[in-house]
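Undergrad: fold the stuff below for me.
(chains A and B)
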Amino acid sequence: MADRAAARSIQEKVSITLFGVIGALALFIFIVLSEVVAPAFDELELKEAETNLKRAEKAIANDLENLSAITGDWGLWDDAYDYVTGEYPAFEDSNLARPTLANLDLVLLAYYDANGGLIWGQVDAGESSADLDVIGVLDPGTETAEFLLTHTELDGHIDGLLDTGIGPMLISSWPVIRSDSTGPIAGTVIMGQILGDNRLQRLRERTEVMLSWRATDADPTTLSLLENPLNGVGKGTMHHESSAGEIVSSGLLVDLFNQPLLLLDVSTPRRISALGQSTVNGAMLLLTIAGVIVAIVAWMLLRTIIVLPLEALAKHITGIRKSGDLSKQLNDDRNDEIGALANEFDKLTGELEETRKLLLDQSFKAGKADNAAEVLHNIRNAMTPLINSIDRLGRDARVTDDLKVRQAVEELAGNECPPDRAGKLLQYIESAFAFVEGENGKLGENVRVASKQARQVEAILTDQEKYANVAPVLEDLQLGEVLDEAVLVIPESTAAGVELEFVNGVDQCIVRGHRVGLMQVLGNLILNAYESIQRSQAQSGCIELSAVTESVGDQSMVRLTIRDTGCGFDDNFKQKIFQRGFSSKQGQSSGLGLHWCANALAGMGGRIQAESGGPGQGAEFHVLLPAAQGG
Amino acid sequence: MNTQRHSDVPIRILIADDDERILECYQEAFDNADECGEVRTLHALDAELFESDTEVPEKPVFEVVSCRQGDDAISLAREAASDGHPFDVVILDVRMPPGIDGVEAGSRIREFDEEVEIVFVTGYSDVPRDEMERRVPPPMRLHYFNKPLSFIKLAKHVAGIVKAH
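TA: You can find the predicted model right below:
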């Protein structure tokens, strides 16, 4: 797994990470929406169902209040008072005709005297009127009748729901008193409105709530959940039953005696939760789309800002590794970390390039030093017997020179030599001849040894020629860079007061040559120019370097011109300037000779020319080198 | 070493050089007794007959042992020292491929022979002079010659330094 992860590209890793983060964020938002937002919609929906139930209860209560108000009006009325007390019998004809119940939407209207005796009462049972007996609850002597017909206070009245023989009913009971609210209480007026289908329809239209009611014994389970029925029709505990499409909220309606009478049901469509669900779904959809867009945009940004530059950097590094060309630069001008990395890499490769050049120089010099050491060792070893043989020849020659053979012969020829001396002279001559004979033999041997060792030195030198004939490695060189390196060898004391100026084309020209050799040639020419200015005794001077590409035959060549304001030279000097051993510095030569420079340039396929207007007129050195192909 | 050395006592020299021609030169320079006798007879007659003031140089006697590798030189020097006849002078070439170089050989010889005169003779040395003096002390018993050189002069120099010590 680790290997597979390591093998993934940055782009893959970034993509996986990015989409992972976006996915985790989407999951988090989904959980929040599902567990927090959606339940909030459900809660809101439950509140609405509760409000609808309360609104239904309130509407029934309002109907009861209206009924109470009408009943109060019919009780607090002088005509009714007189009617109940028997002083105005015509009240019955003028006010209690049957349409009165219909006009007032009543099903029950009854007047009782102060003793609870029925004076007039009627029940509107649909098509026809009926006696109060159909109601049942107002039969004389019943607890309900007793309760409704007992008033002790002038403004005391009884309102509420009541289950009757014709169905559940809104009922109101008021005392009959004078219109100016004075008593004594003459009797009781009772009015009732049936809770039937018409009223249910009107309540639905008025409240815009889908309400209904049912008998408490129809649903004992729901009734058991509603533990705290309150007075009147009002507040009790609620119970909500939810299904896919609606919430059915149930409340309890109690009668005059606070006993359960009806279960009030209100059906609330689940619009809010549906809206919430669609909102959650919409939000999820939008978030998913937004997440995908963000991921794509972020991926593209990351690709543009990070991945592509890194790929370019990797490609650049691979290119350098394959080509080995450390001079290639990224030149990334981005002002960010990757740009800084690219710039640092450019600096690194630049430094490596410099180091490589330095190593090449050192390798070149070390190679030359090793070679020189080897040659020195071999030649000195070969020359040792040679010198030894010559030493012996010299020594023996000195001995031979000192022999006095001629003097001994002359003395013997003079006839005056005593015999003893003559004998010793003869011995001396014999010894001298013996010595010379011996030395003659050694002479041949010493000459043979000397000759052999001389040939050995010659063989060593011949062996070196094969290295001298090895062609230097030619490469494409930026002329400006080689000149920059060549100038580094100029001592500061020599360069003082002299302006060195690079003009046209130096930085643009690429030549084909041996880098170290060309650097040494150009360094030597520039050093010569400085020293020529110094020799001219001028207070200041100028060296101008320029380069152009020109065609020589069918070959493209770069002409580098080194122009100085130094002492110049005449035609005679010009004829000798590139000859071996020639120098204008009168034993003060500090650099390589121009002869060597000319040979080195010839080895690169180039050449050198010198021009001067004459002594004191400065000089121009033209270096011609093959231009790099495509350079 | 004795400060007064008799001329008949041979100077024991160990020479190590990888070049056989050089070893031959050493042999010729240090081993020329016959040649010296002929010259001596001539010089004696010359002085007697012509009253010349030519002095016959007193030729020291050398006992030369040679080898071609540094390791061999160490073994020979160690053997001579343990036999009670140490070499007076050890002449070492610096470069003696394929074995150890002369400076290393000199350094090891110095470990068991503090008095031997060590002479480095080389065509080219990778080892600077001060490093030689550090590795093969003391400087007063260390000598250095560059090839090419005259072995006749070297023989005189060797005789001189042995006589001095």
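
Undergrad: so who does A:Val405 touch?
TA: A:428-429, A:432-433 (CB atoms under 8 Å, 6 or more residues apart in numbering or on different chains). In this view, the C-beta of every residue, glycine as well, is placed from N, C-alpha and C.

Undergrad: what segments of chain B are strands?
TA: Using DSSP state E, the strands of chain B run over B:11-16, B:62-67, B:89-93, B:117-122, B:142-146.

Undergrad: can I get those strands in JSON lines including distance to A:Arg607, mean neighbour count and mean pLDDT?
TA: Shown next, in JSON lines, are the strands of chain B (distance: least, CB to CB, whole Å; neighbours: other CB atoms under 10 Å in any protein chain shown; pLDDT from 0 to 100):
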{"stretch": "strand B:11-16", "distance to A:Arg607": "52", "mean neighbour count": "24", "mean pLDDT": "94"}
{"stretch": "strand B:62-67", "distance to A:Arg607": "55", "mean neighbour count": "19", "mean pLDDT": "92"}
{"stretch": "strand B:89-93", "distance to A:Arg607": "46", "mean neighbour count": "26", "mean pLDDT": "94"}
{"stretch": "strand B:117-122", "distance to A:Arg607": "42", "mean neighbour count": "24", "mean pLDDT": "91"}
{"stretch": "strand B:142-146", "distance to A:Arg607": "41", "mean neighbour count": "16", "mean pLDDT": "90"}
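
Undergrad: quick check on the closest residue to chain B within the stretch 451-600 of chain A: phi, psi?
TA: For the stretch 451-600 of chain A and chain B, the shortest gap (CB to the nearest CB) falls at A:Gln453, measuring 7.6 Å. Main-chain torsions, A:Gln453, degrees, to the nearest 10: phi -70, psi -30.

Undergrad: with adjacent residues omitted, what lies nearest to it?
TA: With CB to CB, 6 or more residues apart in numbering or on different chains as the criterion, A:Gln453 has its nearest non-adjacent residue at 3.7 Å, and that residue is A:Leu386.

Undergrad: wait, what's in contact with that neighbour?
TA: A:Leu386 neighbours (CB under 8 Å, 6+ apart): A:449-450, A:453-454, A:457, B:148.

Undergrad: could you report the neighbour count for the closest residue to chain B within chain A?
TA: Going by CB to the nearest CB, chain B is nearest to A:Arg380 of chain A, at 3.2 Å. Neighbour count for A:Arg380, taken as other CB atoms under 10 Å in any protein chain shown: 19.

Undergrad: likewise the one 4 residues further on?
TA: Number of residues near A:Thr384 (other CB under 10 Å) recorded here: 24.

Undergrad: same question for A:Glu65.
TA: Going by other CB under 10 Å, the residues that sit close to A:Glu65 add up to 13.

Undergrad: alongside chain A, which residues does chain B contribute?
TA: B:19, B:21-22, B:24-25, B:28-29, B:35, B:38-39, B:41-42, B:45-46, B:48-50, B:52, B:54, B:95, B:122-124, B:126, B:146-153 (CB under 8 Å from any CB of the partner chain).

Undergrad: in helices, which of the residues you listed fall?
TA: Taking DSSP state H, the ones among these that sit in helices are B:21-22, B:24-25, B:28-29, B:35, B:38-39, B:41-42, B:45-46, B:48-50, B:151-153.

Undergrad: list only buried entries from these.
TA: Listed as buried from these are B:21-22, B:25, B:28-29, B:35, B:39, B:42, B:45-46, B:49, B:151-152; burial here means 16 or more other CB atoms under 10 Å in any protein chain shown.

Undergrad: quick one: low-confidence parts of chain B?
TA: The model of chain B has pLDDT under 70 over residues B:1-8, B:32-38, B:53-58, B:125, B:165.

Undergrad: just the stretch 1-150 of chain A next, same as before
TA: In the stretch 1-150 of chain A, residues with pLDDT under 70: A:1-8, A:98, A:125-129.

Undergrad: all the helices of it, in order from the start?
TA: A:2-7, A:10-32, A:38-75, A:78-84, A:91-95, A:99-103, A:143-148 (DSSP state H, counting those that start in this stretch).

Undergrad: from the ones you listed, which stretch is densest packed?
TA: helix A:78-84 (a mean of 21; mean count of other CB atoms under 10 Å in any protein chain shown).

Undergrad: pull the distance from that one to the chain's centre.
TA: Put simply, helix A:78-84 sits 96 Å off its chain's centre (CA atoms, centre = their mean, to the nearest Å).

Undergrad: give me the residues contacting it.
TA: A:74, A:88-89, A:91-92, A:95, A:111-114, A:119, A:176-179, A:186-187, A:189.

Undergrad: what does stretch A:146-157 give?
TA: A:68, A:71-72, A:75, A:112, A:116, A:138, A:158, A:171-175, A:177, A:181-183, A:185, A:188, A:190, A:256-257.

Undergrad: so which of these are also by chain B?
TA: Of the contacts of stretch A:146-157, not one also sits near chain B (CB under 8 Å from any CB).

Undergrad: and these, which are buried?
TA: Buried members of the contacts of stretch A:146-157, scored by 16+ other CB under 10 Å, are A:68, A:71-72, A:75, A:112, A:138, A:158, A:171-175, A:177, A:185, A:188, A:190, A:256.

Undergrad: list the contacts of A:Ile305.
TA: A:336, A:338.

Undergrad: where does it land on pLDDT?
TA: A:Ile305 is assigned a pLDDT of 83 by the prediction.

Undergrad: if we can go back for a sec, which SSE is immediately downstream of the helix or strand harbouring the residue nearest to A:Gln453?
TA: Applying DSSP states H and E as the criterion places A:Leu386 in helix A:337-401. The first helix or strand that comes after helix A:337-401 along the chain, using DSSP H and E, is helix A:405-413.

Undergrad: any idea how far the closest residue to A:Arg55 other than its chain neighbours lies from A:Ile60?
TA: Computed as CB to CB, 6+ apart, the closest residue to A:Arg55 that is not its neighbour in sequence is A:Thr207, at 5.1 Å. Going from A:Thr207 to A:Ile60 by CB to CB, to the nearest Å gives 9 Å.

Undergrad: equivalent analysis for A:Glu344, please.
TA: Applying CB to CB, the value for A:Glu344 to A:Ile60 is 86 Å.

Undergrad: same thing with B:Leu142?
TA: B:Leu142 is 133 Å from A:Ile60, by CB to CB.

Undergrad: what's the offset of stretch A:504-519 from the middle of its chain?
TA: Worked out by CA atoms, centre = their mean, stretch A:504-519 lies 43 Å from the chain centre.

Undergrad: what mean pLDDT would you report for that stretch?
TA: So the average pLDDT for stretch A:504-519 ends up being 86.

Undergrad: picking up where we left off before, list the contacts for the residue of chain A closest to chain B?
TA: B:123-124, B:146-148.

Undergrad: ok, the residue lying closest to it once chain neighbours are set aside - how many residues close by?
TA: Using CB to CB, 6+ apart and skipping the chain neighbours, the partner closest in space to A:Arg380 is B:Gly123 (3.2 Å). With neighbours defined by other CB under 10 Å, the count for B:Gly123 comes to 25.

Undergrad: again with A:Ile543
TA: Neighbours of A:Ile543 using other CB under 10 Å come to 24.

Undergrad: next up, phi/psi of it, please.
TA: Torsion angles, degrees, to the nearest 10, at A:Ile543: phi -120, psi 120.

Undergrad: residue in chain B nearest to chain A?
TA: Closest point on chain B to chain A, by CB to the nearest CB, is B:Gly123, at 3.2 Å.

Undergrad: pretty sure that residue contacts B:Phe145?
TA: No - using CB atoms under 8 Å, B:Gly123 is not in contact with B:Phe145, being 10.5 Å away.

Undergrad: for B:Gly102, see how far away B:Ile118 is.
TA: Per CB to CB, B:Ile118 is found 9 Å from B:Gly102.
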